[in-house]
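S.K.: What shape does this take:
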Amino acid sequence: MTPSKPSPPADPGAGTGHDAADLREVGHYVVTSHPPGSVIASVRCSYLSPGSDDLVVAKSDRLEVRTVRQPDSSGAGPDEGDGGEALPVVLSLPVNGRISTLSSVRFADERRDCLFLTTERGDYALISHDAELASDLAAGRDGSGSGADVAGEHHPVATHASGTFRDADGHALSGGREAEVGPILAVDPLMRCIAVHVYDGFATVIPIHWDYKLGDFRRLPYRRNAGGGLPGKPRGLSSGPLGYPFHVRLEERTVLSMAFLMPPPGSHGSPYLPQLALLHQDVRGFQHVSSHGIDVRGRRLVHGGHPAGGVSRSAGRFGGGGGDAGQRPAGMPGEGDRLRKRMVD
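M.R.: Numbering: from 1, shown residues only. All right, here's what the predicted structure looks like:
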């Protein structure tokens, strides 16, 4: 008697239109549960309230706001509610993009700071803490004034301006070569402009409207109607805190760092244009320091001693006036006062 052979197992995909391999395939869902921990940039300012001592830390796609807890009169340390930390995290904000640079901006007659940040995609934003929305969220309201409950995720942030400096003014830089050291951000101490270096050979300058009020973002719509029903300009460009960005060409190709020079001590204004100092490297590997003026009203860069036509005839907070042909341009320091070093030891 011949033993019968065992029958093959039934096809699990028979009659379903799927192969057996498809049904046996295991799906995986990968997610990062731990928040980012690498610090990209940090700035100390008064972000949450006037006079507060805050430390804002940029970690990839999040902003952490930490407040310095000063000991009380008895010398006791931080409260136990803060976990005993002297620098607890009081606010964590998500950002739509990976943060590349971060700096603080304070307007005239304001006692708290805004945050200017850029992302790796070439976008920028100017934000501030919305204390009114924070109180509404703490009370369970959505902040619209209707008394409705909170629906979804809300954060106490006011966006005053946002945009991109990749193709501003029709200047196509999207195909340019990005800087080797990454984006570099510098803010003028007198709050006249912001300089961002993203692509080799160019710097993007964003004018600052120094007399902007932080409460204006609630009164100004994003796009308001002008006379005759014509659409106005978006808030944040001409009617908001920042002006239209413009690009200037740099002779220094490999820029390692840059910063604006401080004005003379004890002077609220400066007779000079904003002076941008550059630390750059030549083809031989030697490093040099040079400074140039930024004519914000003329939307141009005034090189160290060769203005190529001088600066625009505008005086006031932006510095500068008119310059005679063949002479040092007005608004620029003298030859002995300019920051310039042939080689950095």
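S.K.: how about the nearest residue to L273, chain neighbours excluded?
M.R.: Nearest residue to L273, sequence neighbours excluded (CB to CB, 6 or more residues apart in numbering): G293, at 3.7 Å. Every residue, glycine included, has its C-beta placed from N, CA and C.
S.K.: What residues are bridge-paired with that neighbour?
M.R.: Listed by DSSP bridges, the beta-bridge partners for G293 are Q275, V302.
S.K.: So D136 lies in a strand, does it not?
M.R.: No - judged by DSSP: H, G, I helix; E, B strand; the rest coil, D136 forms no part of a strand; its state is helix.
S.K.: Show me the helices in the protein, by range?
M.R.: Ranges of helices in the chain, per DSSP state H, are 20-24, 131-138, 216-219.
S.K.: re the thing from before, my guess is the residue nearest to L273 contacts P274. True?
M.R.: Yes - judged on CB atoms under 8 Å, G293 makes contact with P274 at a distance of 6.8 Å.
S.K.: can you list contacts of stretch 200-208?
M.R.: With CB atoms under 8 Å, 6 or more residues apart in numbering as the test, stretch 200-208 has contacts from 105, 107, 124, 165, 168, 173, 176-180, 188, 191-198, 241-250, 253-255, 258, 276, 294, 296, 299, 301.
S.K.: and the residue lying closest to H209 once chain neighbours are set aside, what does it touch?
M.R.: For H209, the nearest residue in space outside its immediate sequence neighbours is P241; the separation is 5.4 Å by CB to CB, 6+ apart. Going by CB under 8 Å, 6+ apart, P241 touches 105, 107, 114, 126, 160-161, 208-209, 212.
S.K.: and if you look at F107?
M.R.: By CB under 8 Å, 6+ apart, the contact set of F107 is 114, 191, 208-214, 241.
S.K.: again, only this time at 10 Å
M.R.: 113-114, 128, 160, 191, 208-214, 241 (CB atoms under 10 Å, 6 or more residues apart in numbering).
S.K.: Any chance you could list what contacts stretch 95-103?
M.R.: 36, 40-43, 45, 56-63, 113-125, 127, 157, 182-187, 194, 196-198.
S.K.: One more pass at 7 Å, please.
M.R.: 40-41, 43, 56, 58, 60-63, 115-121, 123, 182-183, 185, 187 (CB atoms under 7 Å, 6 or more residues apart in numbering).
S.K.: Give me the buried positions along it.
M.R.: 95, 99-103 (16 or more other CB atoms under 10 Å).
S.K.: For the nearest residue to V65 once chain neighbours are set aside, give its distance to H154.
M.R.: Distances taken as CB to CB, 6+ apart place L91 nearest to V65, at 4.0 Å, with adjacent residues excluded. As judged by CB to CB, to the nearest Å, L91 and H154 stand 13 Å apart.
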